[in-house]
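Novice: show me the folded form of this:
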Amino acid sequence: MTMKMNTAQSGNGSSRYLPGETRAYAHRWFFTAACIYAALIIPLTLLARHGFGPAVLSVPTGHAFEMLFGLAPALIAGYLLGPMPARRLVWFLCFWLLARIAGLIAPFAWPALVFNALFVILFARQLLPRLWAAKKWRNRSLVPLLGLICAITIAVILAGRLDEYLLHRYLIDESVQLFALLMLFIGGRMLAPAAAGEFYRQGMELGARVQPNIEASLIITIAAAYLLAPVAVPFSGMLLILCGVLAGIRLFRWQLWHCLARPDLICLGLGYGWLALGLILLGWAKLDGGSHFSTAVHAITVGALGTLATNVIVRVTLLHVKQYPSRIPQIVIMTGFMSIAAVTRMAADFSNYRETLLIIAASGWSIAFLFALHVLLTSRTAPQVKPTQNPSTNS
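Specialist: Here you go, the predicted model:
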């Protein structure tokens, strides 16, 4: 990974390759790692199902853990950590990488537990105090949400190590709601100001921006659905359906049909739409006794997470180097491949051509992340700005 060195170190040729106390951007490092990992993990999962890949990926919970607690934390770290000393960032990335390698080799062994724990502890220690300084409770709600995700990362591995496989699967299945809430929050905070800016450019005004009442309702509703899941599954399902409807209303009020000249906003809106649909389907699956649970989960993890992740990676990267995402045609192509991946993965649950559809879905997913990786790497040649704040705050 390349990084900008300070003036004092610029005279030493060898120091260019030794990360010290210089400032480095977390989104460059973690987004690059996430793109490479995402492009590889799904094809590896398909190979594992036929006996040619890591055995843990052939098990649904193993695949789900790496998607939710392997890939997603790298995306979160890239988006939220911001600039920091390069030496510290190297530790973050090393622990994340070692956790992924250990988990693929022996998912419940001590190395997997230790490296995952070290990563989430460092992550929480670095980020949570900063988020707690926010004035509004809606912003502070990220602290218990991220803290719970970090704790569940360790709990899932411990449950597997203690042979508590029912608890192991339950924790993974229900954690989908937590990641959905995180996407609702971050996606809304990114879409609202961007849409308002486009309205202003057209001489109009967008009245419904962050929509704090709906955002507060989303936070409370998903939190209640998560807490009630062990004791009142049908009620938890109804709350998730309500949450999906609220997310759909919020998306509708952004009036993105006025932003057709901004494909980057339309693509972000599509990811948010997948999230609303996925929550409705997840709630319905709970009401239906778990039927088609996998289909609902993939609407969230492939449709929403995949679309929002690739678009956020490209958007944050380009804004960081003062380029405009609306001028990058790769965004539409990338989002198209991810939409194909989501539709074919969901359709595979109902088709006689399941294996073919799974291959198409895996290919679409990997191609989309390779497009995002291409934008990341080509942006390295653009002039860089001084690291003064988290690039996500400007998005």
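Novice: quick one: Gly244 and Leu277, what's the gap?
Specialist: Using Cβ to Cβ, to the nearest Å, Gly244 is found at 7 Å from Leu277. C-beta here means a position set from N, CA and C on the backbone, and glycine is covered the same way.
Novice: tell me which of those two has more neighbours.
Specialist: With neighbours defined as other Cβ atoms under 10 Å, Gly244 and Leu277 compare such that Gly244 has more, 24 against 19.
Novice: point out where this structure drops to low pLDDT.
Specialist: 1-21, 382-395 (pLDDT under 70).
Novice: can you tell me which helix in it is longest?
Specialist: Taking DSSP state H as the criterion, the chain has its longest helix at helix 165-201.
Novice: show me what that one is packed against.
Specialist: Helices and strands touching helix 165-201, by 3 or more Cβ pairs under 8 Å, 6 or more residues apart in numbering; DSSP states H and E, are helix 60-65, helix 72-80, helix 142-161, helix 212-228, helix 233-253, helix 263-287, helix 293-298, helix 307-320.
Novice: quick one: contacts of the fourth one?
Specialist: Yep, that's helix 212-228 we're talking about. Applying Cβ atoms under 8 Å, 6 or more residues apart in numbering, the contact partners of helix 212-228 are 138, 141, 174, 177-178, 180-181, 184-185, 188, 235-237, 239-240, 242-243, 246-247, 249-250, 283.
Novice: for the residue nearest to Thr301 when sequence neighbours are not counted, grab the count of nearby residues.
Specialist: Spatial nearest neighbour of Thr301, chain neighbours left out: Met67 (5.7 Å); criterion: Cβ to Cβ, 6 or more residues apart in numbering. Close neighbours of Met67, defined as other Cβ under 10 Å, add up to 23.
Novice: phi first, then psi, for Pro85.
Specialist: The phi/psi pair for Pro85 (degrees, to the nearest 10) reads phi -50, psi 130.
Novice: now do the contacts for the closest residue to Cys150 other than its chain neighbours.
Specialist: Nearest-residue entry for Cys150: Val120, 3.8 Å, with adjacent residues in sequence omitted and distances by Cβ to Cβ, 6+ apart. Counting by Cβ under 8 Å, 6+ apart, Val120 touches 73, 150-151, 153-154.
Novice: scan those and report the most crowded one.
Specialist: Highest neighbour count within the contacts of Val120, by other Cβ under 10 Å: Thr153, with 25 neighbours.
Novice: how far away is that one from Trp137?
Specialist: 25 Å.
Novice: drop anything exposed from the contacts of helix 212-228.
Specialist: With burial judged by 16 or more other Cβ atoms under 10 Å, the buried subset of the contacts of helix 212-228 is 141, 174, 177-178, 180-181, 184-185, 188, 236-237, 239-240, 242-243, 246-247, 250, 283.
Novice: can you tell me the helix or strand for the spatially closest residue to Gly78 that is not a sequence neighbour?
Specialist: Excluding its sequence neighbours, the residue lying closest to Gly78 (Cβ to Cβ, 6+ apart) is Phe30, at 3.4 Å. Per DSSP states H and E: Phe30 is located in helix 26-49.
Novice: list the helices and strands that helix packs on?
Specialist: When contacts are defined as 3+ Cβ pairs under 8 Å, 6+ apart, helix 26-49 sits against helix 72-80, helix 86-105, helix 307-320, helix 354-378.
Novice: distance of the residue most central in space within the chain from Leu206?
Specialist: Nearest residue to the geometric centre of the chain (Cα atoms, centre = their mean): Ala72, 4.4 Å. As judged by Cβ to Cβ, Ala72 and Leu206 stand 30 Å apart.
Novice: Met84: which element?
Specialist: Element membership for Met84, per DSSP H and E: strand 83-85.
Novice: give the pairing partners of that strand; include direction for each.
Specialist: Its sheet considered, strand 83-85 pairs with strand 23-25 (antiparallel) by DSSP bridges.
Novice: before we move on, the earlier item: the residue nearest to Gly78 against Val90, yeah?
Specialist: No: look at Phe30 against Val90 with Cβ atoms under 8 Å: they stay out of range, at 11.7 Å.
Novice: the more surrounded of those two?
Specialist: Using other Cβ under 10 Å, the more surrounded residue of Phe30 and Val90 is Phe30, with 24 against 16.
Novice: ok, now which ones touch that one?
Specialist: By Cβ under 8 Å, 6+ apart, Phe30 lies in contact with 74-75, 77-78, 81, 92-93, 96.
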